[in-house]
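Visitor: After the sequence you'll find the predicted model.
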Amino acid sequence: MFVKLLIWLFLVIIFYHDPADAQKKKETLLSEKLTQMMEWASKRSVIRMNGDKFRRFVKAPPRNYSVVIMFTALQPQRQCGVCRQADEEFQVLANSWRYSSAFTNKVFFASVDFDEGSDVFQMLSMNSAPTFLHFPSKGKPRRSDTYELQVRGFAAEQLARWVADRTDVQIRVIRPPNYAGPLLLGFLLAVIGGLAYLRRHNLEFLFNKNVWAFSALVTTANAHTHLPTTTHTYSTSIHMVVILHQAFKIHTYIHTYIHTYIHTYIHTYIHTYIHTYIHTYILLRVECVPAS
């Protein structure tokens, strides 16, 4: 009996855990994870994760922060053009959050590439990219934590609305300035101005429809539209096949032709109106000149 009592006391001493000590360890671990996540976020707005980082900082408790992850396939051999476009929009969203005055450690943005974290794809039974998932600070992801890419598209503004709905964090999307349009327009005006100066005694080229049609095409080429697109990637143990949705190509063709037609029609109409007005004015002036 005495021996059994000693064994029992020995087991109690070994397996006894102080609740306060356990809570302290939990807080220490959480603090270490937050510190590491903040350090990564200070270097890159979108944290790159592999399988180990995902399991430690996203799946494993404790965690009091949300993580929005884009699962993608950016390697050149995957030939996923839409993945690159979605990544650019995701970077815009993450940068808008990282450099805003409201930035906190409540939400982090991360990405998992198929070639760096194929085990994560298998763990989540994921067979498509790009895919956006929200991992809440408490509990497991729900159906609404998967972003409806086919319905909403991948524009940063749409992603920001979805993040606000899932985390109550409002992100004002701020895009970097794009100087391509003004530079192209300035170059075109400079070319036209130079030609007008060189041929100032013969300005008939200004009434050439081909010149205005070319200007319309250049202006249309600068137009940029975010289209609701999607790409599906089916993964196997050997490779990943990328299929671009045909609706994206059809949408692009229709948009380009309509845009071109409208711009060409407007430029041609303006050219015809100016041409008619100037010639009529010149003829009237000539008729009004008294005969010598």
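Guide: Here it is on my side, so go on. Numbering: from 1, shown residues only.
Visitor: so residue 111 is in which element?
Guide: strand 107-113 (DSSP states H and E).
Visitor: Same check on residue 71?
Guide: Residue 71 is located in strand 66-72, with elements delineated by DSSP H and E.
Visitor: And the next helix or strand past that strand?
Guide: Per DSSP H and E, the helix or strand that comes after strand 66-72 is helix 81-98.
Visitor: rewinding a little: now the element after the strand holding residue 111, going C-ward?
Guide: Using DSSP H and E, the helix or strand that follows strand 107-113 in sequence is helix 118-123.
Visitor: could you pull out the helices for the stretch 101-250 of the chain?
Guide: Taking DSSP state H, counting those that start in this stretch, the helices of the stretch 101-250 of the chain run over residues 118-123, 149-152, 156-167, 180-198, 209-221, 246-288.
Visitor: Which of those comes out lowest on mean pLDDT?
Guide: Per-stretch mean pLDDT for the helices of the stretch 101-250 of the chain is lowest at helix 246-288 (a mean of 54).
Visitor: Might one say that residue 159 is in contact with residue 89?
Guide: Yes - with contact defined as CB atoms under 8 Å, residue 159 reaches residue 89; the gap is 6.7 Å. C-beta coordinates here come from the backbone N, C-alpha and C atoms, glycine included.
Visitor: Those two: who's more crowded?
Guide: Using other CB atoms under 10 Å, the more surrounded residue of residue 159 and residue 89 is residue 159, with 26 against 21.
Visitor: mind listing what that one touches?
Guide: Listed by CB atoms under 8 Å, 6 or more residues apart in numbering, the contact partners of residue 159 are 89-90, 93, 132, 147.
Visitor: so what are the domain limits for this protein?
Guide: Domain assignment for the chain, taken from automatic domain parsing, gives 24-167, 180-229+245-288.
Visitor: how far does the first one stretch from start to finish?
Guide: Yep, that's domain 24-167 we're talking about. Terminal residues of domain 24-167 are spaced 27 Å apart (CA to CA, to the nearest Å).
Visitor: likewise stretch 93-111?
Guide: 13 Å.
Visitor: So what's the residue count around residue 47?
Guide: Count around residue 47 with other CB under 10 Å applied: 21.
Visitor: Spatially nearest residue to it, not counting backbone neighbours?
Guide: residue 110 (4.1 Å; CB to CB, 6 or more residues apart in numbering).
Visitor: what pLDDT does that neighbour get?
Guide: At residue 110, pLDDT is 97.
Visitor: Enumerate every residue touching it.
Guide: The neighbours of residue 110, taking CB under 8 Å, 6+ apart as the test, are 46-49, 58, 67-70.
Visitor: Go again with 10 Å.
Guide: With contact set as CB atoms under 10 Å, 6 or more residues apart in numbering, residue 110 has these partners: 37, 40-41, 44-49, 53-54, 57-58, 67-71, 90, 94, 135.
Visitor: which of those count as buried?
Guide: Among the contacts of residue 110, those that count as buried by neighbour count (16 or more other CB atoms under 10 Å) are 37, 40-41, 45-47, 49, 53-54, 57-58, 67-71, 90, 94, 135.
Visitor: any low-confidence regions in the stretch 1-150 of the chain?
Guide: Residue ranges of the stretch 1-150 of the chain with pLDDT under 70: 1-19.
Visitor: Which secondary structure element is home to residue 25?
Guide: Using DSSP H and E, residue 25 falls within helix 19-43.
Visitor: contact partners of stretch 135-143?
Guide: Taking CB under 10 Å, 6+ apart as the rule, stretch 135-143 contacts 54, 57-59, 61-69, 106-108, 110, 124, 133-134, 145, 166-167.
Visitor: change it to 6 Å
Guide: Counting by CB atoms under 6 Å, 6 or more residues apart in numbering, the neighbours of stretch 135-143 from elsewhere in the structure are 58, 64-67.
Visitor: I'd like those written out as CSV, with distance to residue 28 added.
Guide: Formatted as CSV, the contacts of stretch 135-143 follow (distance: CB to CB, whole Å):
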residue, distance to residue 28
58, 19
64, 14
65, 16
66, 21
67, 20
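Visitor: between the residues you listed, which is nearest residue 198?
Guide: If you rank those by distance to residue 198 using CB to CB, residue 67 comes first, at 60.7 Å.
Visitor: what residues are up against the closest one?
Guide: Contacts for residue 67 (CB under 6 Å, 6+ apart) come out as 58, 108, 110, 135.
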